[in-house]
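>>> What follows is a predicted protein model with its sequence.
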Amino acid sequence: HTKLTKAHFYPDGYANMVVSLSTQFFSNSTKQMIEDACNDDDLDSFKEEHYVHMTEMIRHINRLTDITNGRNLEAVGAGGNMRTYDAYYTPETGRKTQEELLDILAWFSDWKAEHDAEVKAGTADEYNFLPRQTWENLNRLILGLVVAIEYYCIKEGFTLVPRKMNTDPCENEFAIHRQSGGSTGAINSTQAD
C-alpha cells in the first residue's frame, strides 16, 4: 500500500502547492512499492538493477524529510503505527543528527560526481541529475542544519524543535490568502491586504 493518490499524478492548482504531496513521492511506502514490483515474477519489466539508485534516492530524501520535520522513527504514537514528531535537536542527539545529515549529503555528492564524470565522458547529459538550483538548495538546507545544530545545540546547549524552524507558518498564511482570493489561485498584493 502506498500513499500515492490521483492527486499526486493529476494535481490541481492548489495541490501543486501542497508540500506533503511531493514528499509522499519519496516515502518508504513508495520505495517499498518499487521493491515489491521488482520482486514480483509477473512483472518482467521491473528489474531491480534498474531501480536501485531510485530506491536509494527515495530512502535518503525520506530520511531527510523525517529529520527536518523532527520525526521520531523509534517512538510509536497514537494508533500504534504512527511515528511522532518529537525528535528534537538536542545536545545529546546533535552529533548523531549531524552525521545522518552529512551522510545524506555525501550520497548526493557521490551521485553528482558520478554524473559529472558521465557528462564529461559523453555518456549522460545534464538532465541526469538534480537541477542546479535544487542541488544548491539541498546543500544549503543540510549544511545550514548542521551549523545550527553545532552552534545552538552542541555549543550553547539549547534544544531546537524542527517543526518550528520550517516555513509552515508562511505557507499557512499564503494558503489563507489564496482561499480568500476569490476565483483565482494567483492572488495579488491588494487581495492579500
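Arrived safely, thanks for sending.
>>> From now on I want contacts and neighbour counts done on CA atoms only, so please keep to that.
Fine.
>>> in stretch 97-104, what counts as buried?
Residues 97-98, 100-102, 104 are the ones in stretch 97-104 that count as buried (16 or more other Cα atoms under 10 Å).
>>> Generate TSV for the residues you listed, with secondary structure, pLDDT and distance to Ile34 as supplementary columns.
Formatted as TSV, the buried residues of stretch 97-104 follow (DSSP: H, G, I helix; E, B strand; the rest coil; pLDDT from 0 to 100; distance: Cα to Cα, whole Å):
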residue	secondary structure	pLDDT	distance to Ile34
Thr97	helix	94	28
Gln98	helix	97	29
Glu100	helix	95	24
Leu101	helix	96	25
Leu102	helix	98	26
Ile104	helix	97	21
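>>> out of those, which one sits closest to Lys164?
Comparing the buried residues of stretch 97-104 against Lys164 with Cα to Cα places Thr97 closest, at 17.0 Å.
>>> And the closest one, how close does it get to His60?
14 Å (Cα to Cα, to the nearest Å).
>>> burial measure for Lys6, as a count.
Burial of Lys6 is recorded as 7 neighbouring residues (other Cα atoms under 10 Å).
>>> and it, how far is that from Gly144?
For Lys6 relative to Gly144 (Cα to Cα), the value is 35 Å.
>>> likewise His115?
For His115 relative to Gly144 (Cα to Cα), the value is 25 Å.
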